[in-house]
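>>> Next input, structure requested:
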Amino acid sequence: MDGVEFARTIEMELANRGIKKGDFYNATGISATAMYGWKRGSTPSMESVAAVENYLGVKFSDVSKNETTGMDSNLAELLDSIRNRPDLGVLLRSARDVPPSSVYQLVAQLEKEKERNAE
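Here you go, the predicted model:
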């Protein structure tokens, strides 16, 4: 796994779980400088990968696999969108316990916003 993907995955997981970067750095012993380096393409050490896997409970070998094999193309596209945009994960997590009628209202509002931004 390259550093850019590694850093992106970490940031997505932290955002999805509501974990502050400072708490992550303190718990893993990883520095902000190391994260900056990964974002610029440096390769993480095995120790760093192990620390992150242990803290987040994520296996990076699993993350890098193509998990969308055999899925409907629309579902695969949706999953890729969620992986690449932490804000979508936050939105979906927030909507998890909301009644369906409220979710449909929110979708209608988002569609209106999308139309407004397209103009």
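>>> all strands of this protein, in order?
For the chain, strands defined by DSSP state E do not occur.
>>> can I see the domain layout of it?
3-63, 73-118 (automatic domain parsing).
>>> any chance of those in JSON lines, plus mean pLDDT and mean neighbour count?
Where C-beta positions appear, they are placed from N, C-alpha and C, glycine not excepted. Shown next, in JSON lines, are the domains of the chain (pLDDT from 0 to 100; neighbours: other C-beta atoms under 10 Å):
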{"stretch": "domain 3-63", "mean pLDDT": "89", "mean neighbour count": "15"}
{"stretch": "domain 73-118", "mean pLDDT": "79", "mean neighbour count": "11"}
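>>> mind listing the helices for the protein?
With DSSP state H as the criterion, the chain has helices at 3-17, 21-28, 32-39, 46-56, 60-63, 73-84, 86-95, 100-118.
>>> quick one: stretch 15-25 to chain centroid distance?
12 Å (C-alpha atoms, centre = their mean, to the nearest Å).
>>> for stretch 104-119, same thing?
Stretch 104-119 sits 23 Å away from the centroid of its parent chain (C-alpha atoms, centre = their mean).
>>> Kindly provide the distance from the closest residue to Asp87 other than its chain neighbours to Gln109.
Leaving out its chain neighbours, the residue that sits closest to Asp87 by C-beta to C-beta, 6 or more residues apart in numbering is Ala15, at 7.5 Å. With distances taken as C-beta to C-beta, to the nearest Å, Ala15 is found 22 Å from Gln109.
>>> same question, Gly3
38 Å.
>>> likewise Phe6?
From Phe6 over to Gln109 (counting by C-beta to C-beta), the distance is 35 Å.
>>> didn't Ala32 look like it was pressed against Asn26?
No. Applying C-beta atoms under 8 Å, one finds Ala32 not in contact with Asn26, separated by 11.1 Å.
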